[in-house]
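> Following is a predicted model, sequence given first.
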Amino acid sequence: MRFPPLVQLLIVSAGAFLMKGPGERMDGAVLPSVIYRFDPAKNWRDFGAMDYLRRTWAEIDLDRIVHNHRIIRQRLAPGCRTMAVVKADAYGHGDGYVSRALQRDGADWFAVSNINEAVSLRRQGVVRPVLVLGYTPPEMVGLLVEQSLSQTVYSGEYAHALSKQAAAHGLTVDCHIKIDTGMSRIGFFAQQGHAAQAAGEIAQVCALPGLSCTGAFTHFSCADEYNSDSRSFTRHQFDVFMETLGLLTQAGVEFELRHCCNSAATLAYPEYHLDMVRPGVVLYGLSPSPECADMAKLLPAMSLYTTVTMVKTLDQDAAVSYGRRYVTPRGGRRIASIAIGYADGYRRNFTNKGRVMLRGQYAPITGAVCMDQLMVDVSAIDGVQSGDVVTLIGESGGAAITLDDFAALNGTINYEECCLIGRRVPRVYMQGGREIAAVDYVIAAAGEHTGRPL
């Protein structure tokens, strides 16, 4: 099937290379996903108002992600490196395009939650070092080595299991030692006066065959809180970390890379940067907390849009959505249905209290958010019609809705909100003020090999 020259649909299977043009690879990427590529002179919204890709989509501005990375790098001492945290599909932004943009901008390392995410980065063209922050089954040590991945080692038991597998196959895996200084999560337990015991265990681990322990790190539990008690505890965690490392130095164990600063600590505690920092949520233009909001001029990278599917004029006493939780008042209302629901990551908790933007004005949500749709009151907005673009996150006509607004309504944090934007929401990537590509996870997962242009 031949598509019009304005747009190409490329569906790439594992083992295939995504091409930018004849004979040109895109960063050596191997992408098991559906990619739409755009004519730079055109805007993808012009190709048909009700095309399925236009049902609901997230736009990811790669230039903003690069801007945020540079803001962080400017705060670092010479020689201090960045480990870009791109776990959870780059906090819902799409790990492939985000990581390659950061790699081009000089990110030194990448961090992910698990080996699946790490292999995904390799298949998508990431060649810089990658640290797996969480558990990897020891039996997968061969894949760690094959993919040149670094593994977190957080206990003697895990270290021995990993060492046994590595030595049995004649392999050596690069490791970073995780030290628990106050999170009470995974890590060698050094808090509450146990630094010496932790150092002794770590020294034994570093001597195990098949393990090359080149890094050590910890994680702050409350660096994003700026009250005196939290600041004191963060200092305590840093002191415990350094005490443990000092004892290891006395035992003849040293590490090339020491790192402890997450996003908040990178902004608020420059004296703790050491050899490397681990920016995460700040890369996506989100503040780790209100206390950190004014510490850097970050630019949010994600916008979320959907489409008006139908507009109805309802008389008084008409029930809207499940459970009749909204009933039109005297005089009736104009109600628009829009094509997003909680299966897309737009929570049911927004029932009767969230709002969207249409034509530069706010429209309140009316009734319960459904799995695939929700309804809004557009009585005060002239001319709303089927096919209109609805802004759920982003700016419209001088008004704005942010992920922080989402978090406030749901009693949570902005990190969680962006991670919850579902995989059936295509990601459209922006660079230089234009759309460069889109990824549709649903068709990719289905193994679809046909499609139609936008």
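Thanks, I have it.
> Can you find which strand in this structure contains the most residues?
Selection of the longest strand in the chain by residue count, based on DSSP state E, yields strand 302-314.
> Show me what that strand pairs with in its sheet, parallel or antiparallel.
Take DSSP bridges as the rule and strand 302-314 pairs in its sheet with strand 56-61 (antiparallel), strand 333-338 (antiparallel), strand 389-396 (antiparallel).
> For those, could you give me a markdown table that also reports mean neighbour count and mean pLDDT?
For glycine as for every other residue, the C-beta is placed from the backbone atoms N, C-alpha and C. Rendered in a markdown table, the data for the strands paired with strand 302-314 read as follows (neighbours: other Cβ atoms under 10 Å; pLDDT from 0 to 100):
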| stretch | mean neighbour count | mean pLDDT |
| --- | --- | --- |
| strand 56-61 | 23 | 96 |
| strand 333-338 | 22 | 98 |
| strand 389-396 | 20 | 95 |
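> E435 is nearest to which of the ones you listed?
strand 56-61 (7.8 Å; Cβ to Cβ).
> I would like the residues contacting that closest one, please.
Contacting residues not belonging to strand 56-61 are listed as 92-94, 97-98, 299, 301-307, 339-340, 344, 393-394, 421, 425-431, 435, 438 [Cβ atoms under 8 Å, 6 or more residues apart in numbering].
> Tell me the pLDDT of the nearest residue to A293 once chain neighbours are set aside.
Sequence neighbours aside, S287 is the residue nearest to A293 in space, at 4.3 Å (criterion: Cβ to Cβ, 6 or more residues apart in numbering). Each residue has a pLDDT score; the one for S287 is 92.
> surely S287 meets N414?
Yes - with contacts counted by Cβ atoms under 8 Å, S287 reaches N414, the gap being 7.5 Å.
> shared neighbours, those two?
With contacts defined as Cβ under 8 Å, 6+ apart, the residues adjacent to both S287 and N414 are V281, D404.
> Could you list the buried residues of the longest strand of the chain?
M302, S303, L304, Y305, T306, T307, V308, T309, V311, L314 (16 or more other Cβ atoms under 10 Å).
> Next, count neighbours for F406.
Burial of F406, expressed as a neighbour count using other Cβ atoms under 10 Å, amounts to 25.
> distance of it from N116?
In this structure, F406 lies at 27 Å from N116, with Cβ to Cβ, to the nearest Å as the measure.
> now swap in V311 and tell me
As defined by Cβ to Cβ, V311 lies at a distance of 43 Å from N116.
> What is the burial count for S321?
Using other Cβ under 10 Å, S321 has 20 neighbouring residues.
> Need the per-residue pLDDT for it.
pLDDT, S321: 98.
> need the contact list for it.
Counting by Cβ under 8 Å, 6+ apart, S321 touches T351, T366, G367, A368, V369, C370, L374, M375.
> and if you look at N114?
Under the criterion of Cβ under 8 Å, 6+ apart, the neighbours of N114 are V132, G134, Y135, T136.
> What is the most widely separated pair among those residues?
Based on Cβ to Cβ, the longest span within the contacts of N114 runs between V132 and Y135 and measures 8.4 Å.
> Neighbour count for these two, which is higher?
V132 (25 against 14).
> what's the more buried one in contact with, if anything?
In this structure, V132 makes contact with V112, S113, N114, I115, E117, A118, L144, L149, S150, Q151, T152, judged by Cβ under 8 Å, 6+ apart.
> So for stretch 202-211, what gets flagged as buried?
Within stretch 202-211, the residues that count as buried by 16+ other Cβ under 10 Å are I202, A203, V205, C206, L208, G210, L211.
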